[in-house]
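Student: build the 3D model from these lines:
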Amino acid sequence: MFRPRIIQSEIITGAGKATFASVRGFVGFVRAQIKSGDLNGALISIKNIVNHVVTEPLCTARVFSSPVLDDLCAQIGLAALASAVPLQNLSSGKGLSDNTVIFVASQLQAAGGHTRVIEDFIRILPHKNKHLLITELVGRSDRSDAESRFGSLSTVIEYAPKGKPLQRLQWLQKRLIELRGQDVYLFNHHEDSVAVAAMEASGESKVHFYHHGDHHLCLGVHLVGANHIDIHAFGYHNCRHNLNVENNCYLPLIAEDLGTRPTDEPFRPGGVLTTCTAAGWNKLEIPHAVKYVNVVPLLLATTGGRHIHIGRLTQWARWRIRQAMRKLGVDQSSFIYISQVPSVWQALHQFGVDLYISSFPLTGGRTMVEVMGAGIPIAVYDHPTSRFLGGIDMAYPEAFSWREPEELLTICSEITALQLKEHSIIARRHYLRFHSPDLLRGFLLKGRDCAPPPLHVRPYVADALQFALNVGYHTGLLASSRKALHRMYRRVRSW
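Tutor: You can find the predicted model right below:
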């Protein structure tokens with residue numbers, strides 16, 4: 001194996017920290033840490049470089065994986081095993097437990113899709129013993145929500161003890177060896193070097209890497225020997241043909257079927273259009289040419305309808321929306337803000353939503369599945385620099401699409417009740433064909449493969465000029481300060 005020598009010119013030091021001008025320099029630095037026994041430092045180095053890439057907007061949907069980083073995680077995992085004699089003793093002479101399945105995750109959150117996906121898996125898998133091991137390397141979980149969500153599912157939840165990353169790694173490896181699960185499902189966040197390194201202790205257990213953080217650089221994509229699961233057609237083809245992941249399979253996002261939109265409930269009652277978006281600040285309050293906080297007031301002023309927002313927004317974003325509404329003379333009651341709901345699906349029916357406006361600039365995949373299952377028409381954002389980010393390949397092919405705010409305003413002002421009814425039927429049909437819970441049951445219980453839906457059914461043209469302007473925007477002084485604050489926030493939340 002190629003082992004690069006550290007060249008001083010490849011390491012730039014400043015403010016007591018090292019940054020790297022080349023992959024060669026970084027790899028050499030981390031390997032030196034591993035060789036010297038500083039496994040904790042090596043875990044932190046990998047976590048930090050992933051955070052650095054994830055917080056660079058120009059890398060989003062362009063840098064997806066790194067075989068080098070995954071190999072370094074494996075080296076750390078093996079070194080940690082070799083240095084822990086008790087773990088070596090635990091690993092000898094024990095077979096797998098057929099009734100045990102293990103889920104490894106970085107964090108459990110009340111909002112967001114990946115915790116609900118874990119819940120879907122646990123509901124379906126028949127194993128008697130289900131264990132959920134959480135590293136919390138990226139921050140503390142919402143433990144009260146986790147207890148209420150998983151407590152009735154006979155699932156044991158364990159959290160890594162507070163301490164350094166190496167202590168969390170040793171704990172996780174010990175638990176993997178002790179539990180000896182037949183299957184290990186890995187739901188790590190992008191930068192969780194602990195979770196990925198720990199897979200070296202999985203032994204004969206079958207490891208399944210669930211690739212949910214797929215629009216950013218994510219550790220684990222090239223995990224040797226793991227069953228790589230992709231969750232939408234674009235991700236599947238990207239990993240197979242561009243990232244050279246030869247063993248990946250497709251498993252669609254699903255949501256429990258709670259029924260379609262009531263047939264006796266008309267669209268646009270009284271001519272009033274009710275729209276909805278369900279997403280948090282992390283998908284909506286991202287520097288982008290088209291801003292959610294600017295579009296919502298214009299939408300309400302144009303349609304004279306209601307907009308339901310589900311998900312946490314910052315106070316600053318909420319203030320900007322309401323301030324713009326005042327200037328446009330829009331009634332404040334037309335914007336309904338709800339930070340969290342038990343079920344987006346049921347909330348869509350409860351509020352009589354006519355049209356779902358998918359989040360932008362980043363979409364939410366599982367939420368879109370709920371929307372289609374609920375029989376709600378969708379207006380999907382045609383992202384100007386990446387078809388990956390807007391989610392046009394997640395929505396049903398006939399869904400309304402827009403790139404400029406004026407296009408969305410035209411859709412919302414001209415759309416008829418008949419069109420909405422037709423799209424409701426199409427959306428529901430797409431859900432039943434491509435996102436039914438039966439597909440997940442067949443995969444988990446019978447090993448039945450799922451064929452990915454056709455890719456690029458909808459035409460897409462990227463705006464190269466917009467990307468060029470993005471480069472200038474994201475490399476300026478203000479953008480650099482914003483990125484520095486974002487990186488500091490990500491470090492602080494993991495303490």
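Student: which SSE is Asp98 in?
Tutor: strand 97-105 (DSSP states H and E).
Student: who touches that strand?
Tutor: Applying C-beta atoms under 8 Å, 6 or more residues apart in numbering, the contact partners of strand 97-105 are 114-115, 118, 121-122, 125, 127-135, 172, 176, 179-188, 195, 198, 205. C-beta coordinates here come from the backbone N, C-alpha and C atoms, glycine included.
Student: those in helices, which ones?
Tutor: In helices, judged by DSSP state H, the following of the contacts of strand 97-105 are found: His114, Thr115, Ile118, Phe121, Ile122, Leu172, Leu176, Leu179, Ala195, Ala198.
Student: Arg448: which of those is nearest?
Tutor: Using C-beta to C-beta, Phe121 comes nearest to Arg448 of the ones in helices among the contacts of strand 97-105, at 15.3 Å.
Student: the closest one contacts Arg441, doesn't it?
Tutor: No. The pair Phe121 / Arg441 is not scored as a contact, 10.6 Å apart, by C-beta atoms under 8 Å.
Student: settle it for me: which of those two has more neighbours?
Tutor: In this view Phe121 and Arg441 are compared by other C-beta atoms under 10 Å, and Phe121 has more residues nearby, 21 against 16.
Student: now do the more buried one, the pLDDT please.
Tutor: Looking at Phe121, its pLDDT stands at 92.
Student: and the residue lying closest to Val63 once chain neighbours are set aside, helix, strand or coil?
Tutor: Once flanking residues are discounted, Val63 sits nearest to Leu217: 4.7 Å by C-beta to C-beta, 6 or more residues apart in numbering. Three-state assignment for Leu217 (DSSP: H, G, I helix; E, B strand; the rest coil): coil.
Student: and the chain, what are its domain boundaries?
Tutor: Listed domain ranges for the chain are 8-63, 77-251, 269-439, 464-493 (source: automatic domain parsing).
Student: what residues of the shortest one count as buried?
Tutor: Using 16 or more other C-beta atoms under 10 Å as the burial criterion, the residues of domain 464-493 that qualify are Asn470, His474, Ala479, Lys483, His486, Arg487, Arg490.
Student: so for that domain, mean pLDDT?
Tutor: Average pLDDT, domain 464-493: 79.
Student: could you do the first one as well?
Tutor: Averaged across domain 8-63, pLDDT comes to 83.
Student: now it, how far from the chain's geometric center?
Tutor: 23 Å (C-alpha atoms, centre = their mean, to the nearest Å).
Student: go on, stretch 429-438?
Tutor: 21 Å.
Student: contact partners of that stretch?
Tutor: Residues contacting stretch 429-438 (C-beta under 8 Å, 6+ apart): 120, 124, 252-257, 369, 372-373, 396-397, 453.
Student: can you show me the CA trace of that stretch as CSV?
Tutor: What follows is stretch 429-438 as a C-alpha-only set of coordinates in CSV (Å, rounded to 0.1, in the frame of the first residue of the first chain):
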residue,chain,number,x,y,z
ARG,A,429,-49.8,6.2,-7.1
HIS,A,430,-46.1,7.0,-7.1
TYR,A,431,-45.8,6.4,-3.4
LEU,A,432,-47.6,3.0,-3.6
ARG,A,433,-45.3,1.9,-6.4
PHE,A,434,-41.9,3.1,-5.2
HIS,A,435,-42.2,3.8,-1.5
SER,A,436,-44.6,1.3,0.0
PRO,A,437,-43.6,-0.2,3.4
ASP,A,438,-44.0,-3.6,1.7
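Student: buried ones in it?
Tutor: The neighbour-count check on stretch 429-438 (16+ other C-beta under 10 Å) flags His430, Tyr431, Phe434, His435, Ser436 as buried.
Student: touching, the residue nearest to Val63 and Pro67? I think so.
Tutor: No. Using C-beta under 8 Å as the test, Leu217 is too far from Pro67 to be in contact (11.9 Å).
Student: low pLDDT regions in this protein?
Tutor: Residues of the chain meeting the criterion pLDDT under 70: 1-19, 85-94, 112, 456, 491-495.
Student: show me what contacts the most centrally placed residue in it?
Tutor: For the chain, the residue nearest the mean C-alpha position is Gly213 (4.2 Å; C-alpha atoms, centre = their mean). Contacts here follow C-beta under 8 Å, 6+ apart; on that basis Gly213 touches Asn188, His189, His190.
Student: just the ones in strands from these, please.
Tutor: Secondary structure from DSSP state E places none of the contacts of Gly213 in strands.
Student: can you show me the helices along the stretch 201-350 of the chain?
Tutor: Under the criterion DSSP state H, counting those that start in this stretch, the stretch 201-350 of the chain contains helices at 233-237, 281-284, 292-303, 315-328, 344-350.
Student: alpha carbons only: can I get stretch 72-81 in CSV?
Tutor: Extracted C-alpha coordinates of stretch 72-81, given in CSV (Å, rounded to 0.1, in the frame of the first residue of the first chain):
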residue,chain,number,x,y,z
LEU,A,72,-7.7,5.6,8.0
CYS,A,73,-10.8,4.9,10.1
ALA,A,74,-10.2,1.2,9.6
GLN,A,75,-6.6,1.5,10.6
ILE,A,76,-7.6,3.3,13.8
GLY,A,77,-10.2,0.7,14.6
LEU,A,78,-7.7,-2.1,14.2
ALA,A,79,-5.1,-0.3,16.3
ALA,A,80,-7.7,0.2,19.0
LEU,A,81,-8.6,-3.4,19.0
